[in-house]
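Peer 1: Mind folding the following:
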Amino acid sequence: MIFDDDVEAALVLACEELEMTRQQLIRLIIREWLQSYGYLPIHDLDEGSEAEGSA
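Peer 2: Down below sits the predicted model:
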């Protein structure tokens, strides 16, 4: 997927800052957008989940 130059530059900076690949970042952005607009459910972590303390 190719975006406008300003969006491409922002993706590059975000990838570097977040230490993610371009594909990982785009997936994250899309998932968060879909969740925020109600197209995907938001899954809350349980207090005793394996991810505890990794945030």
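
Peer 1: Just the pLDDT for Gln35.
Peer 2: At Gln35, the pLDDT value in this model is 95.

Peer 1: Could you tell me how many residues sit around the nearest residue to it once chain neighbours are set aside?
Peer 2: Spatial nearest neighbour of Gln35, excluding adjacent residues (Cβ to Cβ, 6 or more residues apart in numbering): Ile42 at 5.0 Å. (Glycine included, C-beta is placed from N, CA and C.) Residues within reach of Ile42, counting by other Cβ atoms under 10 Å, total 9.

Peer 1: Check the contact between Ile42 and Leu34; I expect there is one.
Peer 2: No - the pair Ile42 / Leu34 is not scored as a contact, 10.0 Å apart, by Cβ atoms under 8 Å.

Peer 1: Relative to Leu13, how far out is Val7?
Peer 2: According to Cβ to Cβ, to the nearest Å, Val7 and Leu13 sit 11 Å apart.

Peer 1: Geometric centre of the chain: which residue is closest?
Peer 2: In the chain, the centroid-proximal residue (Cα atoms, centre = their mean) is Leu28; its distance is 2.2 Å.

Peer 1: which residue sits closest to that residue, ignoring its sequence neighbours?
Peer 2: Using Cβ to Cβ, 6+ apart, the nearest residue to Leu28 is Met20, at 7.2 Å.

Peer 1: Give me the secondary structure label for the one you found.
Peer 2: What DSSP: H, G, I helix; E, B strand; the rest coil gives for Met20 is coil.

Peer 1: And Asp6, by the same measure?
Peer 2: Classification of Asp6 using three-state DSSP returns helix.

Peer 1: ok, it - how many residues close by?
Peer 2: Residues near Asp6, counting by other Cβ under 10 Å: 8.

Peer 1: Any stretches of the chain with poor pLDDT?
Peer 2: 45-55 (pLDDT under 70).
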